[in-house]
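*Asks:* Got a sequence here, can you model it:
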Amino acid sequence: MKKLIIAAFLTSAFLSITRAQQPAACPECRRCIAVYGDTRAGDEVHKKIAALIKAAHPVAVFHDGDMVPKGKKAKAWENFKEITKELRASASFYAVMGNHEEGGEKFFADLFHFPGNGRWYQAEVRGIRFIMLDYLLPLDKDSEQFIWLKDQLDAPAGKTKFTIIVMHKPLWSTGLHGHDEWKPAADLEKLFKEQKVDMVISGHDHDYERLENGGLVQLVAGSGGAELRPQVFKSPYSKIFVKAFHYCLISVCGNVLKTEAFDINNKLIDSFEITAKTPEK
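*Replies:* From the prediction side, this is the model:
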């Protein structure tokens, strides 16, 4: 009996030492990327979400469109700049045009100075290739933007293990805009699946939703301040739908990309993982 007790004690001590020696889970990219969208005129909610994101200390923040209520109004852009000032100072800030930015193209360009033509572009962050698309400009398969997109997806991935598309309009959703007939959607979906895109991040619908179809994840993160809207219909693609103000944090750990969604009270509302389709050797 004494030998068994000693053996158990030694085993426990060894496991404790081993655990203590293990590094924290993926410290280099633990919740290192933030995502939110559709802030529009909801300044008070936007301020709270911006503060929650800043407290997570991300290295990059992605906004999926509808930053302001009316793109033509300089005051709206000044409000957005003031609310995001600390975020933009502490992290790389990326954004795409939403329908409410229409008419404010000059304000968008003056604020961000994104590469290329400033409207669609690519960014690489912590092993993820983000391809940012402009929903306001043509995206049909014969358009300049679609051809550029295909060229980016055809290019070698290099050291990136994941590809994420960010555009304001989702391919599929069960929210208010889920029934919209958006002609480019079918060709974009086909291309994304052929090229093994991991996830599409969009807003436009003011809710949180995760949909999955054929290995492609569609994340709707569209509740950063704009008025919340209900689920309008059902879809077998939809895995979770939450009517709540929220933001998302992305982590990369080896060959796994983890996304967590939090509501405005910082309560976890969803968590899921994607394994790299071309893992490290």
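*Asks:* Is residue 190 in a helix, a strand, or coil?
*Replies:* Secondary structure, DSSP: H, G, I helix; E, B strand; the rest coil: residue 190 is helix.
*Asks:* and it, what pLDDT?
*Replies:* pLDDT, residue 190: 97.
*Asks:* same check, this time on residue 148
*Replies:* Here the pLDDT value assigned to residue 148 is 98.
*Asks:* Can you name the residues bridging to residue 242?
*Replies:* Going by DSSP bridges, residue 242 is paired in beta bridges with residue 208.
*Asks:* can you give me the helices for the stretch 101-250 of the chain?
*Replies:* In the stretch 101-250 of the chain, the helices defined using DSSP state H, counting those that start in this stretch lie at 105-112, 144-154, 184-194.
*Asks:* can you put the ones you listed in JSON lines and add distance to residue 267 and mean neighbour count?
*Replies:* The C-beta positions use only the backbone N, C-alpha and C, and glycine is treated the same way. Shown next, in JSON lines, are the helices of the stretch 101-250 of the chain (distance: least, CB to CB, whole Å; neighbours: other CB atoms under 10 Å):
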{"stretch": "helix 105-112", "distance to residue 267": "31", "mean neighbour count": "16"}
{"stretch": "helix 144-154", "distance to residue 267": "36", "mean neighbour count": "15"}
{"stretch": "helix 184-194", "distance to residue 267": "31", "mean neighbour count": "16"}
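*Asks:* between these, which one is nearest to residue 242?
*Replies:* Closest approach to residue 242 among the helices of the stretch 101-250 of the chain (CB to CB): helix 184-194, 23.2 Å.
*Asks:* Give me the helices and strands touching the closest one, please.
*Replies:* Under the contact definition 3 or more CB pairs under 8 Å, 6 or more residues apart in numbering; DSSP states H and E, helix 184-194 sits against helix 144-154, strand 216-221.
*Asks:* will you turn the helices of the stretch 101-250 of the chain into CSV that also has distance to residue 122?
*Replies:* Formatted as CSV, the helices of the stretch 101-250 of the chain follow (distance: least, CB to CB, whole Å):
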stretch, distance to residue 122
helix 105-112, 14
helix 144-154, 6
helix 184-194, 15
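*Asks:* Using the three-state scheme, assign residue 75.
*Replies:* helix.
*Asks:* Residue ranges in this protein under the pLDDT threshold?
*Replies:* 1-25, 279-281 (pLDDT under 70).
*Asks:* so what's residue 26 up against?
*Replies:* Residues in contact with residue 26, defined by CB atoms under 8 Å, 6 or more residues apart in numbering, are 251, 252, 253, 254.
*Asks:* what about the third one, how many neighbours?
*Replies:* Using other CB atoms under 10 Å, residue 253 has 15 other residues around it.
*Asks:* Nothing else from me, thank you.
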